[in-house]
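Participant: Sequence unavailable; structure follows:
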């Protein structure tokens, strides 16, 4: 037909087609909701889960607490990076996930959940998001449109 151009779909890397988009959207929502709920649990509940928040008396953060930040924000970044199309989409995912972490930490401080702004949690969130972003870029290089992976 004259005047009709085929709409070109962006190339989707094979590793991004392994799981359905619907499944990833559902998992992403569950991860975000779970992270929000977990972030605002009362201190004693967090202690029972083994994710002790920062205690000013011992001046350090428990390993379990740090791992929760890595797992939560790294998982969110991974799921939504798999949904993103192209580098711009992956950058938006990384920035949005990091912004979510900053917003949570700021809100915890503003509502009095923590006596101090927990910058070390923001740092751990950044490490998790940046790590996923770098791994996605490596996967993009390995599975370029010219190669079969």
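Facilitator: Okay, I see it. Quick caveat, the model's predicted, so the values are computed rather than measured.
Participant: model confidence over stretch 130-148, on average?
Facilitator: For stretch 130-148, the mean pLDDT works out to 86.
Participant: Figure out how far that stretch is from the centre of its chain.
Facilitator: 17 Å (Cα atoms, centre = their mean, to the nearest Å).
Participant: got a list of contacts for that stretch?
Facilitator: For stretch 130-148, contacts defined as Cβ atoms under 8 Å, 6 or more residues apart in numbering pick out 11, 13-15, 74, 77-78, 81, 87, 90-91, 94, 149. Every C-beta, even on glycine, is put in place using the N, C-alpha and C of the backbone.
Participant: Out of those, grab the one that's most surrounded.
Facilitator: Neighbour tally across those (other Cβ atoms under 10 Å): the maximum, 30 neighbours, falls on residue 77.
Participant: you'd agree that one is up against residue 95?
Facilitator: No: using Cβ atoms under 8 Å, residue 77 makes no contact with residue 95, being 10.1 Å away.
Participant: Tell me which residues of the host helix or strand of residue 48 come out buried.
Facilitator: Secondary structure from DSSP states H and E places residue 48 in helix 43-49. By neighbour count on 16 or more other Cβ atoms under 10 Å, the buried set for helix 43-49 is residue 46.
Participant: following the helix or strand of the chain with the lowest mean pLDDT, which helix or strand shows up next?
Facilitator: Sorted by mean pLDDT, DSSP states H and E, the helices and strands of the chain end with helix 43-49, the least confident at a mean of 74. Downstream of helix 43-49, the first helix or strand assigned by DSSP H and E is helix 63-83.
Participant: For that following helix, which helices and strands make contact with it?
Facilitator: Counting contacts by 3 or more Cβ pairs under 8 Å, 6 or more residues apart in numbering; DSSP states H and E, helix 63-83 packs against helix 21-39, helix 86-110, helix 119-142.
Participant: Other residues contacting it?
Facilitator: 16, 19, 21, 24-25, 27-28, 31-32, 34-35, 38, 46, 50-54, 89-90, 93-94, 96-98, 100-101, 121, 124-125, 127-129, 131-133, 136.
Participant: Could I get the contacting residues of the residue nearest to residue 90 when sequence neighbours are not counted?
Facilitator: Leaving aside its sequence neighbours, residue 90 sits nearest to residue 84 (Cβ to Cβ, 6 or more residues apart in numbering; 4.8 Å). By Cβ under 8 Å, 6+ apart, the contact set of residue 84 is 90, 92-93.
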